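Student: Sequence first, predicted model second:
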2 protein chains.
Amino acid sequence: MATLSASHVIVDWGTSSFRLWALDRDGLVLAERRSGDGLAASGTRGFEAVLESHLNALGVPDGVPVMMCGMVGSRAGWIEASYLDTPVRLDELAARSTIASARRRTVRILPGIAQRSAEHPDVIRGEETQLLGLSLGGHDGLACLPGTHSKWVRLRGGVIESFATFMTGELFQLLRTASVIKPAVEGVDAVDAGSAGFASGVADALAAPARATNLLFELRARWLLADNPAEETLARLSGLLIGVELAGAASRYGALDGAVLIAAGPAAALYARALEMAGAAGVTIQDAEASVRDGLHAAATAAFLTTEGALR
Amino acid sequence: MATLSASHVIVDWGTSSFRLWALDRDGLVLAERRSGDGLAASGTRGFEAVLESHLNALGVPDGVPVMMCGMVGSRAGWIEASYLDTPVRLDELAARSTIASARRRTVRILPGIAQRSAEHPDVIRGEETQLLGLSLGGHDGLACLPGTHSKWVRLRGGVIESFATFMTGELFQLLRTASVIKPAVEGVDAVDAGSAGFASGVADALAAPARATNLLFELRARWLLADNPAEETLARLSGLLIGVELAGAASRYGALDGAVLIAAGPAAALYARALEMAGAAGVTIQDAEASVRDGLHAAATAAFLTTEGALR
């Protein structure tokens, strides 16, 4: 196996996925690994063994440091990387990272962020790194990170001022797989952002978000009474939940104008369409994976490299 | 086995429960049976066999007619009792019932009700019988029937004008058993209507129902950050979902004043407290089981008895 002359390695390690990139000192990707080595399986095999097996497969020698983010830093992960409390300066994440190992190389995990507010208690773990990537470009204002637990974040001058998490993705999965809506959406996986079903869900949820749990039951009634196609029902379910999220974000943060959508693929298309329907002007899309890579590279540079680019 | 001299028998047969009462011609309960013979198990054994075994256990002779309501009349039940379309006169339910058997006795199942509206498609199956019971007392206005799928119904002059179903109970079960909220509420089953946790959930949901899916995630954050007790978190979850339901009912029907709550036990206490917090004046409680018995007895009388009280 040839040795890879990487400067440092970055890893986004979540509940159900593992993504690793070996970079040169300028952040250029030399090699990468992707797998389904999520937390549960990795905990059994040992986190360090899983990480080293991926590094070994790429020929990354001992001594090359690793910067990680994601649920690997949660209580159920490798080692708990404690939360920083809002307001948080994103350029301080690297200095507040936790050492997971110093045996064959330095392995660090970035902290999550806690909003210890009596009114709005909330937590972030993983998305802070995408926000660090975004902040390198100097964004002030709102950012939206769609997902199992979608985040809306207010940034100013490189500082996370506050954020709000919505259970959108998790509710979508629960409702389509384990509720009375299930028979009405079976056999369909994808939602088309351009479909009438999606648009009707967004519009109705934005018009009457208080009726959310009534609108959800109506999906079943539509199926029972009108035999609505599964594609349309699933698209409407997605639209209802995203519409309720946008109504909630607006109730918390006011107008959603100028928000940066940190997303990719179908989620980016769905949220862009929904934000347009909500009347949000000047929304831009930032690729989610590029953001997490940018953030991890910036944190690794700050933690591991001297200003001359040599390893500390 | 002694023979029971019942005039008729009434049955409320749901997805997971079976309740049967043998009545005299005036509706006095002579004997009753309760079991967990829900639809799935009964379908396998045969609905008629299950019913006859309960009748036999009470000594109800052949020929005594039976009036039933509930999911036994759904597509997954004994025989489908077709929906009547809104607006529906409640005193017509009996005449529109479906004959499930005429072998050993006449067995009839009351129809459900469909709201075939493009804007508010919805269905009722079972609750229409409680509403029939309520309407015998002449109630005009709103009725609320808490449950897995809570119903809000507008009645006028013995007619169901419209209704709205909320997934409150089903979401409560899904979220507490299968979501990220689960670890925060484990080991607790009961919610105290007088608790601060319940009241805070109702108040916050009424104040900002659009933030529903954000408020739900905050339950997990409170647990992670402040180690909130499971009792308080479960009570707050219940309060949030009931609060969102009341906000939705108000968005659909305006003020909730004068609503009749058809409920019993813990649900009656929780909804009464939540309605009080929502500022609803003149709310009264009608026992859910008495309502279904009253409705079934009225329907059986109309279907089976002559005006002199003899069997038709």
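Tutor: Thanks, I have it.
Student: Find the nearest non-adjacent residue to residue A:194, please.
Tutor: If the residues on either side of it in the chain are set aside, residue A:194 comes closest to residue A:273, at 7.2 Å by Cβ to Cβ, 6 or more residues apart in numbering or on different chains. For the C-beta atoms, the positions are set from N, CA and C on the backbone; glycine is no exception.
Student: and what of residue A:235?
Tutor: Residue A:235 sits nearest to residue A:197 (Cβ to Cβ, 6+ apart), 3.4 Å away.
Student: Just confirm that neighbour is within a helix.
Tutor: Yes: under DSSP: H, G, I helix; E, B strand; the rest coil, residue A:197 falls within a helix.
Student: Name the residues of the lowest-mean-pLDDT helix or strand in chain A that are buried.
Tutor: Sorting the helices and strands of chain A by mean pLDDT, DSSP states H and E puts helix A:39-45 at the bottom, at a mean of 88. Residues of helix A:39-45 classed as buried: A:39, A:42 (neighbour count, 16 or more other Cβ atoms under 10 Å in any protein chain shown).
Student: right, and the secondary structure at the residue located most distally from the centre of chain A would be what?
Tutor: Relative to the centre of chain A, the most outlying C-alpha is that of residue A:225, 37.9 Å out, by Cα atoms, centre = their mean. Put simply, residue A:225 is helix when judged by three-state DSSP.
Student: Against residue B:304, how distant is it?
Tutor: Between residue A:225 and residue B:304 the distance is 30 Å, computed by Cβ to Cβ, to the nearest Å.
Student: Around chain B, pick out the residues from the stretch 151-300 of chain A.
Tutor: With the criterion set to Cβ under 8 Å from any Cβ of the partner chain, the stretch 151-300 of chain A comes near chain B through A:164-168, A:170-171, A:174-175, A:178-180, A:208-214, A:216-218, A:220-222, A:224-226, A:241, A:244-245, A:247-248, A:250-252.
Student: just checking, the residue nearest to residue A:235 touches residue A:240?
Tutor: No: using Cβ atoms under 8 Å as the test, residue A:197 is too far from residue A:240 to be in contact (10.0 Å).
Student: Same drill for the two, tell me which one is more crowded.
Tutor: Remark: of residue A:197 and residue A:240, residue A:240 carries more neighbours, 29 against 22, as counted by other Cβ atoms under 10 Å in any protein chain shown.
Student: Mind listing what's buried along whichever strand or helix holds the more buried one?
Tutor: Taking DSSP states H and E as the definition, one finds residue A:240 inside helix A:230-253. By 16+ other Cβ under 10 Å, the buried positions in helix A:230-253 come out as A:231-253.
Student: show me where the stretch 1-150 of chain A has helices.
Tutor: A:39-45, A:47-58, A:127-135 (DSSP state H, counting those that start in this stretch).
Student: Who are the contact partners of the closest residue to residue A:248 other than its chain neighbours?
Tutor: With Cβ to Cβ, 6+ apart as the criterion, residue A:248 has its nearest non-adjacent residue at 4.2 Å, and that residue is residue B:211. By Cβ atoms under 8 Å, 6 or more residues apart in numbering or on different chains, residue B:211 lies in contact with A:164, A:248, A:251-252.
Student: Could you do residue A:179 as well?
Tutor: Residue A:179 neighbours (Cβ under 8 Å, 6+ apart): B:167, B:170, B:174.
Student: Closest to residue A:127 out of those?
Tutor: residue B:174 (24.7 Å; Cβ to Cβ).
Student: Just the pLDDT at the closest one, thanks.
Tutor: What the model reports for residue B:174 is a pLDDT of 98.
Student: try residue A:92
Tutor: pLDDT, residue A:92: 96.
Student: Chain B versus that one, what's the distance?
Tutor: 20 Å (Cβ to the nearest Cβ, to the nearest Å).
Student: Ok, residue A:95 next?
Tutor: 22 Å.
Student: do residue A:11 as well
Tutor: From residue A:11 to chain B the distance is 23 Å (Cβ to the nearest Cβ).
Student: Out of the helices of the stretch 1-150 of chain A, which one sits most buried?
Tutor: Among the helices of the stretch 1-150 of chain A, ranked by average contacts under mean count of other Cβ atoms under 10 Å in any protein chain shown, first place goes to helix A:127-135 (a mean of 26).
Student: contacting residues around residue A:297?
Tutor: With Cβ under 8 Å, 6+ apart, residue A:297 has these contacts: A:8, A:10, A:23, A:27.
Student: can you check residue A:264 too?
Tutor: A:287-289.
Student: most surrounded residue in the residues you listed?
Tutor: Neighbour-wise, those (other Cβ under 10 Å) top out at residue A:288, 22 neighbours.
Student: that older thread, which two from the contacts of residue B:211 end up farthest apart in space?
Tutor: Spatial extent of the contacts of residue B:211 (Cβ to Cβ) is set by the pair A:164 and A:251 at 9.6 Å.
Student: how about the strands in the stretch 51-200 of chain A?
Tutor: With DSSP state E, counting those that start in this stretch as the criterion, the stretch 51-200 of chain A has strands at A:66-69, A:84-85, A:88-89, A:98-101, A:107-109, A:113-115, A:122-124, A:141-145, A:150-156, A:159-166.
Student: hey, which of these is tucked in deepest?
Tutor: Highest mean neighbour count among those (mean count of other Cβ under 10 Å): strand A:66-69, a mean of 28.
Student: Only C-alpha atoms, please: export it in PDB.
Tutor: Output of strand A:66-69 as PDB, limited to C-alpha atoms (Å, rounded to 0.1, in the frame of the first residue of the first chain):
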ATOM      1  CA  VAL A  66      -7.700  14.000  12.400                       C
ATOM      2  CA  MET A  67     -10.500  16.500  13.000                       C
ATOM      3  CA  MET A  68     -14.000  15.200  13.400                       C
ATOM      4  CA  CYS A  69     -17.500  16.500  14.000                       C
END
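Student: Let me know the distance separating residue A:8 from chain B.
Tutor: Counting by Cβ to the nearest Cβ, the gap from residue A:8 to chain B is 30 Å.
Student: which ones are touching the closest residue to that residue other than its chain neighbours?
Tutor: Nearest residue to residue A:8, sequence neighbours excluded (Cβ to Cβ, 6+ apart): residue A:300, at 4.6 Å. Residues near residue A:300 by Cβ under 8 Å, 6+ apart: A:8-10, A:23, A:65, A:67, A:94.
Student: Okay, and residue A:300 sits in which element?
Tutor: Here residue A:300 sits within helix A:288-304, counting by DSSP H and E.
Student: Please work out the angle formed by the directions of that helix and strand A:141-145.
Tutor: The directions of helix A:288-304 and strand A:141-145 differ by 110 degrees, with axes from the mean of the first three to the mean of the last three Cα atoms, to 10 degrees as the criterion.
Student: Could you double-check that residue A:204 sits in contact with residue A:243?
Tutor: Yes: between residue A:204 and residue A:243 there is a contact under Cβ under 8 Å: 7.0 Å.
Student: what's the residue closest to the geometric middle of chain A?
Tutor: residue A:127 (4.8 Å).
Student: Now do that residue, the pLDDT please.
Tutor: Value for residue A:127, per-residue pLDDT: 97.
Student: From residue A:69, how far off is it?
Tutor: On the measure of Cβ to Cβ, residue A:127 and residue A:69 end up 9 Å apart.
Student: same check, this time on residue A:132
Tutor: Going from residue A:132 to residue A:69 by Cβ to Cβ gives 9 Å.
Student: and if you look at residue A:16?
Tutor: 15 Å.
Student: Name all residues that make contact with the spatially closest residue to residue A:242 that is not a sequence neighbour.
Tutor: Nearest non-adjacent residue to residue A:242, counting by Cβ to Cβ, 6+ apart: residue A:274, 4.7 Å away. Residues in contact with residue A:274 (Cβ under 8 Å, 6+ apart) are A:202, A:239, A:242-243, A:246.
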